[in-house]
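Chemist: Have a look at this prediction, sequence included:
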Amino acid sequence: MYFNGQFKQLGTCDVTELKTLVNTLTTNQWQEHNERQKIYKVHSDTQTIPLIFDADFRHRFPTTHPQLELFQQQLLPMMKIIADYFKKQIINIRGLRPNPVDNGYFVRIILVKLSGNGVINEHADNGSSLSRAHRIHLPIITNDKVEFTVGDATKSLKEGEIWEINNRHTHSVKNSSEQSRVHIILDFVIPGEIVEDPKSGTLFS
């Protein structure tokens, strides 16, 4: 979703238990779902485990995957932090919808591993749903040699920091370390939210 800026920090959380769970994942589990990196060349250095995901990038009625059960208990506090953040914001909403965030939902949650010395080349997210959802990154395993660039801003995101990125700007990632980087990416939808997108005009979530 487009917003005025490149990065927006929503909060912080303890990812110790999530990190322990990620470290139990096997090579086979990481390699089971390779459609994303095959279809999108910019993601060729990544591996993905879907928790909530649909290949058609639908905006409603998302599909949950078996691995969600493994991570759900540890994810719930992070999901609450995200929802609570937006409850405190002034949301540009269509019509008379009280407490629109109460009806918010996560349309996608995926685990993404970027290989050591890997890159995600510059790109912008397009498509109906990606333009209308808040794209949020939660670093689980990372280090200071991983640089995330959005527009003209570059940051080294720390473990446990919750960041929304302006995915309508061009963005890229460079991992200059030998260690793999693992993020959880969450796409949060607030029904009825109005988005003023420079590329596509006025959008309704």
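Modeler: Structure's in. What do you need?

Chemist: mind listing what H123 touches?
Modeler: Y40, V42, T170, H171, S172 (Cβ atoms under 8 Å, 6 or more residues apart in numbering). From N, CA and C alone the C-beta is placed, and that goes for glycine too.

Chemist: Spatially nearest residue to the most centrally placed residue in the chain, not counting backbone neighbours?
Modeler: For the chain, the residue nearest the mean C-alpha position is I185 (2.6 Å; Cα atoms, centre = their mean). Spatial nearest neighbour of I185, excluding adjacent residues (Cβ to Cβ, 6 or more residues apart in numbering): I110 at 5.2 Å.

Chemist: Across the sheet, point out what pairs with that neighbour.
Modeler: Taking DSSP bridges as the rule, I110 bridges to P50, I185.

Chemist: Please name the nearest non-neighbouring residue to T64.
Modeler: Of all residues not flanking T64 in the chain, I52 sits nearest, at 5.4 Å (Cβ to Cβ, 6+ apart).

Chemist: What is the longest helix of this structure by residue count?
Modeler: What stands out as the longest helix in the chain, according to DSSP state H, is helix 67-87.

Chemist: my guess is D152 contacts F7, does it?
Modeler: No - with contact defined as Cβ atoms under 8 Å, D152 does not count as touching F7 (11.4 Å).

Chemist: who's more crowded, those two?
Modeler: Neighbour comparison, D152 and F7: the larger count goes to F7, with 21 against 8 (by other Cβ atoms under 10 Å).
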